[in-house]
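*Asks:* quick one, fold the following:
(one chain, ligands or ions: 2)
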Amino acid sequence: MKRLLSELDLTDIIRCHITDCPCGRTHRVRLLQLAIGPGVVRQLPEHIMKLGMRRPLAFSDRNLTDLARRRVLDPSQPLYILSQAEPSASTASVAEVRAAARSHDGLIAIGSGTLNDIGKAVASELDLPFILVATAPSMDGFASATSSLTVDGIKTSVPTRPPDVILADTDIVRTAPLNLYLAGFGDMLAKITSLLDWRIAYLITGEYYCDEVAVLVRRAASAVLDASHEIPSRSENITRRLLEGLVLSGLAMGLAGVSRPASGTEHYISHFWDMRHASLGYAHDLHGLQCLVGTLETLKLMDAVRQLTPNRERALSAVATHDPDIWAKELHELLGPAARPLIELEMKEQKYHRGPHADRLERILACWPQILEVLDDLPDRERLGETLRACDAPLSVADLKVKEPRLRDVVRHTGDIRDKYIITRLLYDIGKLDAVLVRLYGDRQDASGE
Ligand SMILES: [Zn+2]
Ligand SMILES: [Zn+2]
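*Replies:* Numbering: from 1, shown residues only. Ligands and ions are numbered 1, 2, ... in the order given. The predicted model follows:
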């Protein structure tokens, strides 16, 4: 009997091949092995053998050296430790591991976000089998086919390939710091807003959308949210739900062929902070923690849309005041040299041009009731706030290392990060972006604190 993607559980999804999805596309995943649970690290020697590795290179970072030696590897197995004390996923770290892997026939990364990104990149470049031994539930890149790498100071999503085997031993993961749990929780909460962005974009631009993929991700996010009160105790239950949700989110991007199911406005807020860090040296924080706060800000924006009724004349006259020179100057002030690719993107995309805007506006006016229907699925922010307070999660920028005096300007430019239609673009299109930003964050003087 034919089955829908949303009827499969994670064990089936990692090997699925669905040719008749209602979205019209074929969905296929080929992850060799995924094991999540207590003690699964004991399967490592068996997977090393199955993948034909005779001389694999195991690598990790300084913080995890002890854990890697005591709980993951045989005492006789060599372990390569990255030279940087706090390594980042950059072309330099990839080159370092690539050089270390020269005479080896496989890779084993012991770590999470950064180590996995490096491992995926080196495994793709050298065409080596790759095993990830996960140590924290901190981000959703476990099973994704991209690595988030800093290339020439700019955070870039580089196509790579997922690990062949992912071992997430919950006995090990449960020793991870609470901050990494909250980061993974933030990356899962982000799916609430990214899925809403995707559905709204589909209505307005007609871009590809798969409800089956969306259902899977929404379900995984709810499962995490429902057990979030167990985060402070790092219970087996929440650890498993987080790991499963994060793995699934990475797979969902591969299933859909776009990052839509896992990343929207909230991620662009986080990307903006990362870019300000890389380009101008401003402080930033863990990806998932930034996404968590980005999600709360995005929910405010989405809620604001619900209170509005678009008006054609008002929208057209508001958009007519757009000045490309002022826009580019603002981006330069916010991002320094990192503004350039965003300005180049606009040259190609022309999202601020009047013709395409007028077409989108007609579409928005025609489907406004459906847009409001999508936004009926917004979670109750009051209840969400209580949930977050109960697990000691960050609630605003003030709780992050990011001390962002220009939140208003950052949010205003989220639509410039990628060629994707998101809620701030909708607000711009109906001529209400600036008014909503002033309402939420005060006017420029208040917001900048200058
Ligand atoms: Zn589909
Ligand atoms: Zn993310």
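
*Asks:* mind checking which helix or strand the residue of the stretch 51-200 of the chain found nearest ligand 1 is in?
*Replies:* Nearest residue of the stretch 51-200 of the chain to ligand 1 (C-beta to the ion) works out as residue 198 at 12.6 Å. (Each C-beta comes from the backbone N, C-alpha and C, glycine too.) Element membership for residue 198, per DSSP states H and E: helix 178-205.

*Asks:* now that helix, how far from the centre of its chain.
*Replies:* Taking the mean of its C-alpha atoms, helix 178-205 sits 8 Å from the chain's own mean (C-alpha atoms, centre = their mean, to the nearest Å).

*Asks:* same for it, what does it pack against?
*Replies:* Judged by 3 or more C-beta pairs under 8 Å, 6 or more residues apart in numbering; DSSP states H and E, helix 178-205 is in contact with helix 211-226, helix 236-256, helix 265-280, helix 287-306, helix 354-366, helix 368-375, helix 423-429.

*Asks:* tell me which of these lies nearest to residue 78.
*Replies:* Of all these, it is helix 236-256 that lies closest to residue 78, at 27.7 Å by C-beta to C-beta.

*Asks:* tabulate the CA atom coordinates of that closest one in PDB.
*Replies:* Extracted in PDB, the C-alpha atoms of helix 236-256 (Å, rounded to 0.1, in the frame of the first residue of the first chain):
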ATOM      1  CA  GLU A 236      15.900  11.000  28.400                       C
ATOM      2  CA  ASN A 237      12.500  11.900  26.900                       C
ATOM      3  CA  ILE A 238      13.300  15.500  26.000                       C
ATOM      4  CA  THR A 239      16.800  14.500  24.800                       C
ATOM      5  CA  ARG A 240      15.400  12.000  22.400                       C
ATOM      6  CA  ARG A 241      12.600  14.300  21.200                       C
ATOM      7  CA  LEU A 242      15.100  17.100  20.500                       C
ATOM      8  CA  LEU A 243      17.500  14.900  18.700                       C
ATOM      9  CA  GLU A 244      14.800  13.300  16.600                       C
ATOM     10  CA  GLY A 245      13.300  16.700  15.800                       C
ATOM     11  CA  LEU A 246      16.600  18.200  14.900                       C
ATOM     12  CA  VAL A 247      17.600  15.200  12.700                       C
ATOM     13  CA  LEU A 248      14.200  15.300  11.000                       C
ATOM     14  CA  SER A 249      14.500  19.100  10.300                       C
ATOM     15  CA  GLY A 250      17.700  18.600   8.500                       C
ATOM     16  CA  LEU A 251      16.200  15.700   6.500                       C
ATOM     17  CA  ALA A 252      13.100  17.900   5.700                       C
ATOM     18  CA  MET A 253      15.300  20.400   3.900                       C
ATOM     19  CA  GLY A 254      16.700  17.600   1.700                       C
ATOM     20  CA  LEU A 255      13.200  16.200   1.200                       C
ATOM     21  CA  ALA A 256      11.800  19.600   0.100                       C
END
